[in-house]
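Colleague: give me a model of this one.
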Amino acid sequence: MQIFLTYDYELFFGTPTGSAEKCIIEPTNLLRKIAKNTGIKMVFFVDVGYLKKLIEYKSQFPKVEKEHQLVTEQIQQLVAEGHDCQLHIHPHWEDCTHNGENWQMVTDRYKLDDFSDQDIERIVIEYQSILTAITEKKVSSYRAGGWCLQPFSRIEKAFKKAGLTLDSTVFPGGKFTAGNYYYDFTESPPYSKWKFSNDLVRKDDTGDFWEYPISNNFYSPFFFWRLFALGRLKPSQHKPLGDGYPMSSPGLRKKMLTKGMNLSASVDGYFVTKLSAVLKANQRKGFNEMVIIGHPKACTHFALKKLE
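Modeller: Below is the predicted model:
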């Protein structure tokens, strides 16, 4: 089985967003160390809207100039070490600003679907070109910010124009439509990869795109009670290394603690403890591919040790 360990390389989007050093640079360096020790290679889906804003504000604020230098140098180091850096878009960065001290998050337009057809095409192509200029490598794979890539029929044209041929956004059975989010993967095909055309969750063998879905798992309420308790009782091991806060997800925590949730298979924090079970489930299904998601900002010392 091919196992793809993928990380969304980004800040938090709440208040505060956290620093580049704590959310991105330092945890990614710990991941690089594990990769070097074990010989594995990872995929980093880089939040390019953030890179665009770094470029926009670096001449105005020395703090942003330093941030830009740290991030771009690390991306280039990742590529030099054989890791893959691909396209991740959180389009709300189009509306965000910097005041010289902090990023000012505006997340009203969180999905590509919140933009006009013309803007969707511009964002996808512009962001791809920014990442290509940094990595000097082909950018042909994609992951949507917040798993929000529906309806894909509005985005298909931009993918074709940019030459994007592989997506890894779907996690089977996933659904969340509150607040600024919208994704519904409840009708996903029962495969470890499939071709599609204008609908992410409709298999089409004549389609132009491949979907490599993120593996999924059902996490019980007990799992989430334990997860949140460990963060309070043993923060040195179970608190995220990132120093920011996530964007609001209305009703999400209540649902986790009372009903449990089907979520993506993740290497973040305590979620890492379920990866062996996910692997065995995928093997029973006869899958040849397994995609795992993570975020440098959500790494914990416990999770890093378990990962290695």
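Colleague: got a list of what residue 60 touches?
Modeller: Listed by Cβ atoms under 8 Å, 6 or more residues apart in numbering, the contact partners of residue 60 are 98, 100. Just so you know, the C-beta spots here come from the backbone N, C-alpha and C atoms, and that holds for glycine as well.
Colleague: repeat the analysis, applying 6 Å as the threshold.
Modeller: By Cβ atoms under 6 Å, 6 or more residues apart in numbering, the contact list for residue 60 is empty.
Colleague: I figured residue 156 hits residue 198, correct?
Modeller: Yes: Residue 156 sits in contact with residue 198 when judged by Cβ atoms under 6 Å, with a separation of 5.0 Å.
Colleague: looking at strand pairing, list the partners for residue 263.
Modeller: residue 217 (DSSP bridges).
Colleague: and it, how far is that from residue 273?
Modeller: 14 Å (Cβ to Cβ, to the nearest Å).
Colleague: with neighbour numbers in mind, choose between the two.
Modeller: Between residue 263 and residue 273, residue 263 has the larger neighbour count (other Cβ atoms under 10 Å), namely 20 against 14.
Colleague: and the more buried one, how far from residue 25?
Modeller: Taken as Cβ to Cβ, the span from residue 263 to residue 25 is 27 Å.
Colleague: ok, residue 35 next?
Modeller: 15 Å.
Colleague: what's around residue 104, how many residues?
Modeller: 12.
Colleague: tell me who's in contact with it.
Modeller: residue 97.
Colleague: same check on residue 106?
Modeller: Going by Cβ under 6 Å, 6+ apart, the list of residues near residue 106 reads 95, 96.
Colleague: specify the local secondary structure of it.
Modeller: coil (DSSP: H, G, I helix; E, B strand; the rest coil).
Colleague: for residue 4, same thing?
Modeller: Classified using three-state DSSP, residue 4 is strand.
Colleague: partners of it in the sheet?
Modeller: Under the criterion used (DSSP bridges), residue 4 bridges to residue 291.
Colleague: run through the bridge partners of residue 209.
Modeller: residue 196.
Colleague: from residue 75, how far out is it?
Modeller: Taking Cβ to Cβ, one finds residue 209 at 25 Å from residue 75.
Colleague: then residue 65?
Modeller: 16 Å.
Colleague: the more surrounded of the two?
Modeller: Ranked by neighbour count (other Cβ under 10 Å), residue 65 and residue 75 place residue 75 first, with 21 against 14.
Colleague: which pLDDT value belongs to that one?
Modeller: Residue 75 is assigned 98 on the pLDDT scale.
Colleague: element containing it?
Modeller: Using DSSP states H and E, the element containing residue 75 is helix 62-80.
Colleague: confirm that residue 14 sits in a helix.
Modeller: No: under three-state DSSP, residue 14 sits outside any helix and is assigned coil.
Colleague: please, where are all the strands along the stretch 1-150 of the chain?
Modeller: Assigned by DSSP state E, counting those that start in this stretch, the stretch 1-150 of the chain shows strands spanning 2-9, 43-47, 84-89, 97-98, 103-104, 141-144.
Colleague: quick one: average pLDDT of the fourth one?
Modeller: What it means is strand 97-98. Rounded mean pLDDT across strand 97-98 is 97.
Colleague: what about residue 92, neighbour count?
Modeller: 21.
Colleague: ok, it - contacts?
Modeller: Residue 92 touches 107, 109, 110, counting by Cβ under 6 Å, 6+ apart.
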